[in-house]
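Enquirer: A structural model of the following input is requested.
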Amino acid sequence: MINFGKLSKSFYYAWQGIFYAFKENQNIKIHIIVGTFVLLAGVLLGLSKYEIFSVGLLTVLVISAEMINTAIEEVVDLLIDEHNIHAKIAKDVCAGMVLLVSIFAALVGAFIFVPHILTLFY
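Expert: Residues are numbered from 1 along each chain as shown. As a prediction, this is how the structure comes out:
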């Protein structure tokens, strides 16, 4: 049987995590602003529903990567008080993950948007 009380608590804690990340992380705020702008631009340019879905999916992927980065940084800061090369590596690798996902999202965005933008001029 499903324990709906436990399930509702799980959703409650998940939402707390999302709100904490959105409230405390400047980079997530930037990703949300950029993602919203890109989605609105996509609608105005007449992207197909599949293109809009792809842009939305990549936006969520970038924000999710940033949330993973935030979680790992918080745990590292909790466990390590002084400068530690292993803590630095963990944080740098997570930041690299976000950068990699963001670059991929930008490349896919360019692949989707450039043809639509070019049709405005030709």
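Enquirer: neighbours around Leu118, how many?
Expert: Using other C-beta atoms under 10 Å, Leu118 is surrounded by 9 other residues. Placement of C-beta: from N, CA and C, glycine included.
Enquirer: so it is in which element?
Expert: Per DSSP states H and E, Leu118 falls inside helix 85-121.
Enquirer: tell me what that helix is packed against?
Expert: helix 26-45, helix 49-79 (3 or more C-beta pairs under 8 Å, 6 or more residues apart in numbering; DSSP states H and E).
Enquirer: quick one, what contacts the residue most central in space within the chain?
Expert: The centroid of the chain falls nearest to Ile63 when counting by C-alpha atoms, centre = their mean (1.1 Å). Residues near Ile63 by C-beta atoms under 8 Å, 6 or more residues apart in numbering: 28, 31-32, 35.
Enquirer: could you dump the residues you listed to TSV with neighbour count and distance to Val93?
Expert: Compiled in TSV, these are given as follows (neighbours: other C-beta atoms under 10 Å; distance: C-beta to C-beta, whole Å):
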residue	neighbour count	distance to Val93
Ile28	20	19
His31	23	19
Ile32	16	24
Gly35	19	24
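Enquirer: nearest to Ala87 among the residues you listed?
Expert: The closest of the contacts of Ile63 to Ala87 turns out to be Ile28 (C-beta to C-beta; 21.6 Å).
Enquirer: quick revisit: farthest pair within the contacts of Ile63?
Expert: Across the contacts of Ile63, the longest distance by C-beta to C-beta is 10.1 Å; it joins Ile28 and Gly35.
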